[in-house]
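Q: model the structure of this input:
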Amino acid sequence: MYLLYPPSPDLSAYIDCYWESCFHEAETGTYEELYVAQCNPNLIFNLTENYRHNDIQQNKSVAVTINTSAIQFQHNSTNKLFGIRFKAGSLRLFSAVGMHELTDNMIGISDIFGDKTQDFEHQIQCCQITAQRIAIAEEFLSKSIKHHHLEKFDLTLRLQNYLYQNCCAEDCISQLPQKMLITQRTADRYFQEFFGLSPKKMSRLLRFEHAFTALHHAHLDHKDPTTFGYYDAAHYSKEFKTFAGLTMQDYVTSPFFIQNLQSEHF
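A: Numbers count the residues shown, from 1 in each chain. Predicted coordinates:
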């Protein structure tokens, strides 16, 4: 139900993709989706009518920051959305505040970009062609990068990559300061500022991401939770319910599982 578009090379280090909705293709006239916990913030521009976010009606453009619990959306076939999906940690380069103040929040875009947001949002909404929206977004974002954060962002990326590669190891958190040649206090501060999470919470989320992806690709090892660093099946089940909002059994028998398989949107 989404079309994805790549960013320009200049912004590819920070932007994962631009996207637009295609809810008019929904067979039932409505489209419900499960947005599991993840580290990639999104800006969502509402171009037409209301949609539902959990039990809340949304009629404005919002930023969905790092979410550590599942969100359910419901759209009508006439809803039209345009979005910008950021890479993990990169929204801090454009925001006036650290991510620790925004985690698990759906906030107005003005809370990220300040007073200049109104004209930006108006231009996006007035465009009729996706390519024009992307061009406007690219120009706006290129001018909004806070260059004084780039050095810290580079270190944060290295910290994230270490966790991503080692989050299934039992000692990954205790080894992080030594492997990355920084103090634990520095690691904690950078993770809170760029991800809004502690290193431990981040590693839990990344571990879930590994297991969740394996589940959709039918990897044999997803049947053995210890492969992903879980103590046992009970530990895995608890974490799955925390981050997906459903038990694994309920999830794989739900329409959300089929949607994600078809769209590779997980």
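Q: now do the helices in this protein.
A: Using DSSP state H, the helices of the chain run over residues 110-113, 117-126, 130-144, 150-166, 172-180, 184-194, 199-216, 233-244, 248-252, 255-263.
Q: so who does the residue nearest the centre of the chain touch?
A: Nearest residue to the geometric centre of the chain (C-alpha atoms, centre = their mean): residue 40, 2.3 Å. Taking C-beta atoms under 8 Å, 6 or more residues apart in numbering, we find residue 40 in contact with 16, 66, 85, 86, 87, 88. Heads up, the C-betas are built off the backbone N, CA and C, glycines and all.
Q: distance of the fourth one from residue 242?
A: Same thing as residue 86. 23 Å (C-beta to C-beta, to the nearest Å).
Q: identify, out of the helices of the chain, the most deeply packed stretch.
A: Ranked by mean neighbour count, those are led by helix 199-216 with a mean of 20 (mean count of other C-beta atoms under 10 Å).
Q: and that one, what does it pack against?
A: In this structure, helix 199-216 packs against helix 150-166, helix 172-180, helix 184-194, helix 233-244, helix 255-263, with contacts taken as 3 or more C-beta pairs under 8 Å, 6 or more residues apart in numbering; DSSP states H and E.
Q: can you tell me what sits against the fourth one?
A: With C-beta under 8 Å, 6+ apart as the contact definition, helix 233-244 has outside contacts at 34, 36-37, 68-70, 204-205, 207-208, 211-212, 225, 228, 230, 246-248, 251.
Q: roughly how far is it from the heart of the chain?
A: Its chain's average C-alpha position is 19 Å from that of helix 233-244, according to C-alpha atoms, centre = their mean, to the nearest Å.
Q: quick one: work out the angle between it and helix 255-263.
A: 80 degrees (axes from the mean of the first three to the mean of the last three C-alpha atoms, to 10 degrees).
Q: okay, angle between helix 233-244 and helix 199-216 too, please.
A: Helix 233-244 and helix 199-216 are oriented at 100 degrees to each other (the same axes, to 10 degrees).
Q: how much space separates residue 124 from residue 58?
A: As judged by C-beta to C-beta, residue 124 and residue 58 stand 16 Å apart.
Q: and the pLDDT at residue 242?
A: If you check residue 242, the pLDDT there is 95.
Q: tell me where the model's unsure across the stretch 151-266 of the chain.
A: For the stretch 151-266 of the chain, applying pLDDT under 70 flags the ranges 218-223, 262-266.
Q: swap in 50 and give it another go.
A: Applying pLDDT under 50 to the stretch 151-266 of the chain flags residues 220, 266.
Q: could you chop the chain up by domain?
A: Annotated domains of the chain cover 2-145, 150-263 [automatic domain parsing].
Q: between the two ends of the longest one, how far is it?
A: Domain 2-145 stretches 27 Å from its first residue to its last (C-alpha to C-alpha, to the nearest Å).
Q: let me see the mean pLDDT of it.
A: In this model, domain 2-145 has a mean pLDDT of 88.
Q: chain center to that domain, what's the gap?
A: Distance of domain 2-145 from its chain centroid, counting by C-alpha atoms, centre = their mean, is 10 Å.
Q: and if you look at the last one?
A: Counting by C-alpha atoms, centre = their mean, domain 150-263 is centred 13 Å from the centre of its parent chain.
Q: returning to that earlier point: mark which of the contacts of residue 40 are buried, thanks.
A: Buried members of the contacts of residue 40, scored by 16 or more other C-beta atoms under 10 Å, are 16, 66, 85, 86, 87, 88.
Q: what sits against the nearest residue to the fourth one once chain neighbours are set aside?
A: This means residue 86. Leaving out its chain neighbours, the residue that sits closest to residue 86 by C-beta to C-beta, 6 or more residues apart in numbering is residue 41, at 4.8 Å. Shown in contact with residue 41 (C-beta under 8 Å, 6+ apart): 63, 64, 65, 66, 85, 86, 91.
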